[in-house]
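Asks: generate a structure from the sequence data that follows.
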Amino acid sequence: MPAVAKQKDNRIKVKQFVTDATGHKMAAVIDMEEFNRLEIILDLIPASETWLYKNKKVLESVQRGLKQAAKGKIKKLAINEL
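Replies: Take a look at the predicted model:
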């Protein structure tokens, strides 16, 4: 059963993942047709935001913050305390 990476309503079908000795995913094997679709999806990300998607730790932090904000778990920032 292929793994699927979701991006809006498009799905990129991954045939197989290449892992290192500890089982961490290092690469994905996809068809050329899927690769072409993936290029189109990646072109939708503005160049000014690509750094965020390249830094997994920061991306996860931003996603956590967005979830907290959606739940109303935010407070006013005191600029003078920074």
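Asks: switch to C-alpha atoms for all contacts and neighbour counts from now on
Replies: Will do.
Asks: burial measure for Ala78, as a count.
Replies: Neighbourhood size, Ala78 [other Cα atoms under 10 Å]: 7.
Asks: now Ile12
Replies: 20.
Asks: quickly find the element holding it.
Replies: When secondary structure is defined by DSSP states H and E, Ile12 falls within strand 10-14.
Asks: run through the neighbouring helices and strands of that strand.
Replies: strand 3-7, helix 32-43 (3 or more Cα pairs under 8 Å, 6 or more residues apart in numbering; DSSP states H and E).
Asks: Lys15 is nearest to which of these?
Replies: strand 3-7 (7.0 Å; Cα to Cα).
Asks: assign a three-state SS to Phe17, would you?
Replies: Three-state assignment for Phe17 (DSSP: H, G, I helix; E, B strand; the rest coil): strand.
Asks: give me the pLDDT for it.
Replies: If you check Phe17, the pLDDT there is 83.
Asks: list the contacts of it.
Replies: 25-29 (Cα atoms under 8 Å, 6 or more residues apart in numbering).
Asks: mind giving me JSON lines with these and columns for distance to Pro46?
Replies: What follows is those, written out as JSON lines (distance: Cα to Cα, whole Å):
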{"residue": "Lys25", "distance to Pro46": "26"}
{"residue": "Met26", "distance to Pro46": "25"}
{"residue": "Ala27", "distance to Pro46": "23"}
{"residue": "Ala28", "distance to Pro46": "23"}
{"residue": "Val29", "distance to Pro46": "25"}
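Asks: so where is this structure shaky, pLDDT-wise?
Replies: In the predicted model, the chain carries pLDDT under 70 at residues 1-10.
Asks: mind listing what's buried in the helix ranked longest in it?
Replies: Criterion DSSP state H: the longest helix present in the chain is helix 56-70. By neighbour count on 16 or more other Cα atoms under 10 Å, the buried set for helix 56-70 is empty.
Asks: Arg11: neighbouring residues, count only.
Replies: Neighbours of Arg11 (other Cα under 10 Å): 15.
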